[in-house]
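Visitor: Sequence first, then the predicted structure, then my questions.
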Amino acid sequence: MPSLLKALKSQVGRKILTGITGIGLIIFIIGHLAGNLSLFGDASAFNEYTYALESMGVLLYIVEAGLAFFFLLHAYIGISIWWNRRKARPEGYNKYQTKGGPSHQSWASKSMIFTGIVLLVFLVIHIDTFKFGETATVMNDGTQMRNLKALVIDTFQNPIYAFGYTLVMILLGFHLKHGFWSAFTSLTMKHKKYSAVIYSIGIIFAILMAVGFLFIPLYIYFGGGCEAALIQCQ
């Protein structure tokens, strides 16, 4: 713990922790989207996926605690960096200039604090809605499990949730667009030869993740949920 506190107080330490937590969260996002896309598998695929996670017992709590730590640490570092910069130049700059090389200043980079806070608030709502939301149970091959798939479909047939979720996923795309590049360059990968490549990969990655996540609520809402061709209800 003393080493962590020391790292949080140093500029280099915060950059490294930002990179580590950022990459960790990127891995989580990929895995989470892959799991969510099981909604489009056979009728029981998504419920089996969530049941497998819940069956991990104590191990799941440990993983969730680790994810919560990563999220909160990442958010704390991001807010502290933004706050320190704000105190250093409270009036801001009217024009941004770089010391050389291509600039990565964009709306995505300038709005990281805004998109990050929105995503943090969204995460709390998302967990409350789906992890702790009331669900019926369903039998599958003699095993009783939560019918989380029905909860997802019912939730996204509500336009507030469907379009609100979509908007947040667009903001996630902007956050990842700059965050992907920033995470890797924070870990001393800011090299003229690789920086542009990482930045381009980040853009592609951000688009894929945003589109992948927002496709789910829009398809359910416009496809009619249980009546949708790709989603078969149990």
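Guide: Done, it's in. Residues are numbered from 1 along each chain as shown.

Visitor: For the rest of this, base every contact and every neighbour count on C-alpha atoms.
Guide: Noted.

Visitor: Quick check: which element contains the residue nearest in space to the middle of the chain?
Guide: Nearest to the mean C-alpha position of the chain, by Cα atoms, centre = their mean, lies residue 29 at 5.1 Å. Assignment of secondary structure by DSSP states H and E places residue 29 within helix 11-36.

Visitor: Where do the strands of the protein begin and end?
Guide: 137-140, 143-146 (DSSP state E).

Visitor: So which of those strands is nearest residue 128?
Guide: Nearest of those to residue 128, taken as Cα to Cα: strand 143-146 at 15.4 Å.

Visitor: just the helices in this structure please.
Guide: Using DSSP state H, the helices of the chain run over 2-9, 11-36, 45-54, 58-88, 107-110, 112-126, 148-156, 159-184, 192-223.

Visitor: and the second one, which residues are buried?
Guide: Of the residues in helix 11-36, those with enough neighbours to count as buried (16 or more other Cα atoms under 10 Å) are 13-26, 36.

Visitor: The shortest one now?
Guide: Neighbour-count burial for helix 107-110 flags 108, 109 (criterion: 16+ other Cα under 10 Å).

Visitor: gap between it and the chain center?
Guide: Between the centre of helix 107-110 and the centre of its chain there are 17 Å (Cα atoms, centre = their mean, to the nearest Å).

Visitor: Begin at 27 from now on, thanks
Guide: OK, 27 is where the count begins now, so the last one is helix 133-136.

Visitor: contacts for that helix?
Guide: Here helix 133-136 makes contact (Cα atoms under 8 Å, 6 or more residues apart in numbering) with 200, 201, 203, 204, 205.
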